[in-house]
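Trainee: prediction below, plus the sequence it came from.
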Amino acid sequence: MTQEMKIINFMGIRKFTSATSLILVLVSIFSIGFFGLKGGLDFTGGTQLEVLFDRPADLNKVRVVLEEKKLKSPVAVLFGSDQQVMIRTQDEMKLKGQALVAEKITAAGGVLESIERPSREYEGFADTLVIANLSAEALQQKAVIPTADYGSVQYAQRDGKTLVVLENSLDSVYLKELLADMETATGAKIELRSSEFVGPQIGDELRDQGGLGLLTAFVLVFLYVAVQFQWKFSVGAIAALCHDVIITLGFFAIFQWDFDLTVLAAILALIGYSINDTIVIYDRIRENFRILRKTDALEVINVSLTQTLGRSMMTSGTTLLVLISLFLFGGELLRGFSIALIIGIVVGTYSSTYIAAHITAALDVSKEDLMPKEKEGAELDEAP
């Protein structure tokens, strides 16, 4: 077998590749700790809007409007068609609406003290403003709260304060103004298809659940490899997976790409893809240890890696072609997903060859570790 093919000395440069991997991992850890991951809307909380234009949307003009409105971390991307736009921001529209009405009240000489839920007698109304230093007559004369925006408006007095009960919610009023500004900037008619708010508490829960999912994946991979092969192989497999995940996250930290649920899904998919490649290599190493009994461990690993190299390159290459196509034509919503997998597969193919196999060799794996164990009493059973 070894005479029919040229064996590549993968393990001959293991010190160089180990040093390279160590540097990349340390840089990635530093980047994650120093810059941090830029959490997407799924983790930070915020608002997601889906709007429909009556013509192809001009995203540049939409983004200018979002910047002018001083929205926090605004993102505008196409999805579905060139007329459908998804807008994401870490702002809560109700708070933006509150700031909008507070600014108008302050300009008129009043003070917005608080916002309450309407009492039972105002069923069907959305919000109640508690205003000081301005009477109902002054508010009406100065048209501070126009009915064209806020719908039916009712005024009342309580403890010297003016209560203004609004039919339309503050967030809907702000969204109406936001869409009007976008219509003015783009010259298009815009329809709001949906508006969703993700609270910070839900974002924290998603983050914690995602971390738990990664930890569970690592534990299950370790147990599976230990059962199917040997614990020395498990250590190499987990080291390779940690290497892949940390470096991929390092790229997201350095370039401050959004890290959301789609990227987390890509990381979990990467773990499955990388361990699959590692298992193929491990299976060949185990097989060759049993066949090439007089060959030393490093040579057996070199033979095994040489034999699986073609398969690994073909599998990774074809997968990368699909992911590159997804990156180029899948739209911005899937860009983070495709980037994470492209980086992960390149790094994962490398780590399956050098990290997993090298660490297994460094732990002095031998054919005795992989030979089937005889069952207790087997010799007695064979005795006549």
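Mentor: Arrived safely, thanks for sending. Residues are numbered from 1 along each chain as shown.

Trainee: what are the buried residues along the helix or strand residue 241 falls within?
Mentor: In this assignment (DSSP states H and E), residue 241 forms part of helix 231-255. By neighbour count, with 16 or more other C-beta atoms under 10 Å as the criterion, the buried positions of helix 231-255 are 232-241, 243-253. C-beta: built from backbone N, CA, C; applies to glycine.

Trainee: then stretch 262-275?
Mentor: Under the neighbour-count rule (16+ other C-beta under 10 Å), stretch 262-275 has 262, 263, 264, 265, 266, 267, 268, 270, 271, 273, 274, 275 buried.

Trainee: so how far is it from its chain's centroid?
Mentor: Its chain's C-alpha centre and that of stretch 262-275 lie 11 Å apart, by C-alpha atoms, centre = their mean, to the nearest Å.

Trainee: going forward can the numbers begin at 42, since that is how I track them
Mentor: Okay, residue one is now 42; in that scheme the one you just asked about reads as stretch 303-316.

Trainee: hey, C-alpha coordinates of that stretch in PDB?
Mentor: Taking C-alpha atoms only, stretch 303-316 is exported to PDB below (Å, rounded to 0.1, in the frame of the first residue of the first chain):
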ATOM      1  CA  THR A 303     -28.000  32.500  11.600                       C
ATOM      2  CA  VAL A 304     -24.200  32.700  12.500                       C
ATOM      3  CA  LEU A 305     -24.800  30.600  15.600                       C
ATOM      4  CA  ALA A 306     -26.500  28.000  13.400                       C
ATOM      5  CA  ALA A 307     -23.500  28.100  11.100                       C
ATOM      6  CA  ILE A 308     -21.200  27.400  14.000                       C
ATOM      7  CA  LEU A 309     -23.200  24.400  15.000                       C
ATOM      8  CA  ALA A 310     -23.200  23.200  11.400                       C
ATOM      9  CA  LEU A 311     -19.500  23.700  11.300                       C
ATOM     10  CA  ILE A 312     -19.000  21.400  14.300                       C
ATOM     11  CA  GLY A 313     -20.900  18.700  12.600                       C
ATOM     12  CA  TYR A 314     -19.100  19.100   9.300                       C
ATOM     13  CA  SER A 315     -15.600  19.300  10.900                       C
ATOM     14  CA  ILE A 316     -16.100  16.300  13.200                       C
END
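
Trainee: contact partners of it?
Mentor: Stretch 303-316 is contacted from outside by 81, 251, 254-255, 258-259, 262, 266, 278, 281-282, 285-286, 289-290, 293, 298, 360, 374-375, 377-379, 381-382, 385-386, 389, 392-393, using C-beta atoms under 8 Å, 6 or more residues apart in numbering.

Trainee: buried subset of these?
Mentor: 81, 251, 258-259, 262, 266, 278, 281-282, 285-286, 289-290, 293, 298, 374-375, 377-379, 381-382, 385-386, 389, 392-393.

Trainee: quick check: mean pLDDT of the helix or strand where residue 340 lies?
Mentor: Mapping residue 340 onto the secondary structure by DSSP H and E places it in helix 338-370. Taken as a whole, helix 338-370 has an average pLDDT of 90.

Trainee: pairing partners for the following helix or strand past the helix holding residue 282, with directions?
Mentor: Under the assignment DSSP H and E, the closest C-terminal helix or strand after helix 272-296 is strand 299-300. Applying DSSP bridges to the sheet, strand 299-300 is found paired with strand 79-80 (parallel).

Trainee: what's the closest non-adjacent residue to the most centrally placed residue in the chain?
Mentor: Geometric centre of the chain, nearest residue: residue 301, 2.6 Å, by C-alpha atoms, centre = their mean. With C-beta to C-beta, 6 or more residues apart in numbering as the measure, residue 81 is the residue that lies nearest to residue 301, at 2.8 Å, once sequence neighbours are left out.

Trainee: list phi and psi for the one you found.
Mentor: Dihedral pair for residue 81: phi -80, psi -180, per degrees, to the nearest 10.

Trainee: do residue 234 as well
Mentor: Note on residue 234: its backbone torsions stand at phi -90, psi -40 [degrees, to the nearest 10].

Trainee: hang on, isn't it packed against residue 93?
Mentor: Yes - using C-beta atoms under 8 Å, residue 234 and residue 93 qualify as a contacting pair, with a distance of 5.5 Å.

Trainee: between the two, which one's more packed in?
Mentor: With other C-beta atoms under 10 Å as the criterion, residue 234 and residue 93 differ in neighbour count, and residue 93 comes out ahead with 16 against 12.

Trainee: any idea how far that one is from residue 264?
Mentor: Look at residue 93 and residue 264: by C-beta to C-beta, to the nearest Å, they are 49 Å apart.

Trainee: again, but for residue 286
Mentor: Using C-beta to C-beta, we find residue 286 at a distance of 18 Å from residue 264.

Trainee: could you double-check that the residue nearest to the centre of the chain lies in contact with residue 80?
Mentor: Yes - counting by C-beta under 8 Å, residue 301 does reach residue 80; the two are 7.5 Å apart.

Trainee: buried residues, stretch 386-406. List them.
Mentor: Of all the residues in stretch 386-406, those buried under the rule 16+ other C-beta under 10 Å are 386, 388-402, 406.

Trainee: which residues in the stretch 92-241 of the chain form helices?
Mentor: Taking DSSP state H, counting those that start in this stretch as the test, the helices found in the stretch 92-241 of the chain are 100-109, 134-148, 177-182, 188-191, 211-227, 241-269.

Trainee: okay, the ones you listed in CSV with mean pLDDT next?
Mentor: Formatted as CSV, the helices of the stretch 92-241 of the chain follow (pLDDT from 0 to 100):
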stretch, mean pLDDT
helix 100-109, 93
helix 134-148, 92
helix 177-182, 90
helix 188-191, 91
helix 211-227, 94
helix 241-269, 77
